[in-house]
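Participant: Below is the sequence, then the predicted model.
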Amino acid sequence: MSSTTHRAEFTAAALYVAIELSTREWLLTMSVGPDAPRYRAHVQPGHRAMLEQALRAGRTRFGVPEAAPVRSCYEAGREGFWPARQLAALGVVNVVVDSSSIEVPRRARRAKTDRLDGEKLLRLLLRHWGGERDVWHVVHVPTPEAEDARHASRALTTLQADRTRLRNRIHSLLALHGVHLRLDARVPERLAAARDWAGAPLPVGVQARVLQVWRVLQTVEAERQGLRRAERQRAVAGRAESRTRVQRLTQLRGVAARSATVLCDELFHRGLRNRREVGALAGLASAPYRSGTRVVDQGLMRSGIPAVRRIAVEIGWAWIRYQPESALTQWYQRRFGGGAALRRLGIVALARRVIIALWRYGETGVLPEGARLKA
């Protein structure tokens, strides 16, 4: 959709609808052209009958025939993709827009209302169908099956974050009294025998709170271990196309089932066409600034998927350790092997190259140069 011009379609009669989503109501801003008047309608979120009635009213208002297409858009947000699927069921050609790619004024203060946002979104929709390819970024709408398959991987990622948060809370509570304990199954026993900086037992309130957090941590840890076992089993016995790609990636040294699952569920299933799309979606693309004689490297744009970016950096370090003979590792050592600070800076560049190489390997089965498989 974003790589195709639409001038021929734009000249034909059509109804254009910009939808502002909220929890209480949807605001539909409709028109047939840039200079045409606007018609607005308020509908309840997901109310199919009201939505059909509003679209019929828009057709009648502008004299759009029933055979003419209806083209709509809305910003990607908490609602996800079910509004897009509902609009598709009504025969509406919809695009989901990345809200961070919408151009806004650079003034310190600007007016913002649903009415103004709907008008702005409608003008961008008309420009998009008028042939401007880069007016915004269109979000890929996954199939319901692909979207549902992500939940197992994302649940494990959430549990890992909860585990880290709970462990840090326990260490912070103990650090208030100058105590550090090893967090294992003997935490209650160690806590009762612990002494603070003055050699006195820990206060009763601190012990009760630490035990409370530790019990929650035990539950989270049990769920996390269960999901990790299930993920490893799916990586071995999977039959779907994405699982086949996971199996192929886990054959490489330095790539575990967790990393392969996150990459395949979040990145590689999106039908990426080239290395630039892989690097940008992974959040590993740089943001250059060149104006006149001034050239500044602004660092990473960080516009991709955070989970993929974290996994990419982890795979980069693992690749150096487990694939020392590969061409990518040798390039990294030649370029960034001069010191610790330089190695930390270069790991991002290596991570981008490794992710691109893994994408090619998952698509074509061609091993990265010099890479070795597991026994």
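Facilitator: Done, it's in.

Participant: What segments of this structure are helices?
Facilitator: Assigned helices in the chain, in chain order: 7-11, 48-62, 82-89, 114-129, 144-175, 187-193, 204-237, 241-250, 257-266, 275-281, 306-322, 327-336, 340-364 (criterion: DSSP state H).

Participant: Quick check: which of those helices is nearest to Val295?
Facilitator: The closest approach between Val295 and any of the helices of the chain, judged by CB to CB, belongs to helix 340-364 at 17.9 Å. C-beta coordinates here come from the backbone N, C-alpha and C atoms, glycine included.

Participant: and Ala84, how far is that from Pro203?
Facilitator: Applying CB to CB, to the nearest Å, one obtains 55 Å for the distance of Ala84 from Pro203.

Participant: between the two, which one's more packed in?
Facilitator: Shown here are Ala84 and Pro203; by other CB atoms under 10 Å, Ala84 has more neighbours (20 against 12).

Participant: picking that back up, make CSV from the helices of the chain and add distance to Ser100 and mean pLDDT to it.
Facilitator: Listed next are those as CSV, based on distance: least, CB to CB, whole Å; pLDDT from 0 to 100:
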stretch, distance to Ser100, mean pLDDT
helix 7-11, 26, 53
helix 48-62, 27, 94
helix 82-89, 18, 96
helix 114-129, 14, 93
helix 144-175, 21, 93
helix 187-193, 43, 93
helix 204-237, 31, 91
helix 241-250, 27, 77
helix 257-266, 18, 88
helix 275-281, 13, 87
helix 306-322, 13, 92
helix 327-336, 31, 93
helix 340-364, 21, 90
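
Participant: which one of those has the most crowded surroundings?
Facilitator: Neighbour counts (mean count of other CB atoms under 10 Å) averaged over each of the helices of the chain peak at helix 257-266, with a mean of 24.

Participant: next one: that helix to chain centre, how far?
Facilitator: From the chain centre to the centre of helix 257-266 is a distance of 13 Å (CA atoms, centre = their mean, to the nearest Å).

Participant: Kindly report the same for stretch 132-149.
Facilitator: 11 Å.

Participant: swap in stretch 36-53?
Facilitator: In this view, stretch 36-53 has its centroid 30 Å away from the chain centroid, taken as CA atoms, centre = their mean.

Participant: Residues contacting that stretch, please?
Facilitator: Outside stretch 36-53, the residues within contact range by CB atoms under 8 Å, 6 or more residues apart in numbering are 21-31, 54, 57-58, 61-62, 79, 82-83, 86, 90, 115, 118-119, 122.

Participant: Could you rerun that using 7 Å?
Facilitator: Contacting residues not belonging to stretch 36-53 are listed as 23, 25-31, 54, 57-58, 61-62, 86, 90, 119 [CB atoms under 7 Å, 6 or more residues apart in numbering].

Participant: what two of the residues you listed are the furthest from one another?
Facilitator: Between all members of the contacts of stretch 36-53, the longest pairwise span (CB to CB) is found for Thr23 and Phe62 and amounts to 29.2 Å.

Participant: coming back round to it: same list, the helices of the chain, but as JSON lines with distance to Ala375 please.
Facilitator: Formatted as JSON lines, the entries for the helices of the chain read as follows, by distance: least, CB to CB, whole Å:
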{"stretch": "helix 7-11", "distance to Ala375": "56"}
{"stretch": "helix 48-62", "distance to Ala375": "56"}
{"stretch": "helix 82-89", "distance to Ala375": "45"}
{"stretch": "helix 114-129", "distance to Ala375": "52"}
{"stretch": "helix 144-175", "distance to Ala375": "26"}
{"stretch": "helix 187-193", "distance to Ala375": "38"}
{"stretch": "helix 204-237", "distance to Ala375": "16"}
{"stretch": "helix 241-250", "distance to Ala375": "13"}
{"stretch": "helix 257-266", "distance to Ala375": "16"}
{"stretch": "helix 275-281", "distance to Ala375": "29"}
{"stretch": "helix 306-322", "distance to Ala375": "12"}
{"stretch": "helix 327-336", "distance to Ala375": "19"}
{"stretch": "helix 340-364", "distance to Ala375": "18"}
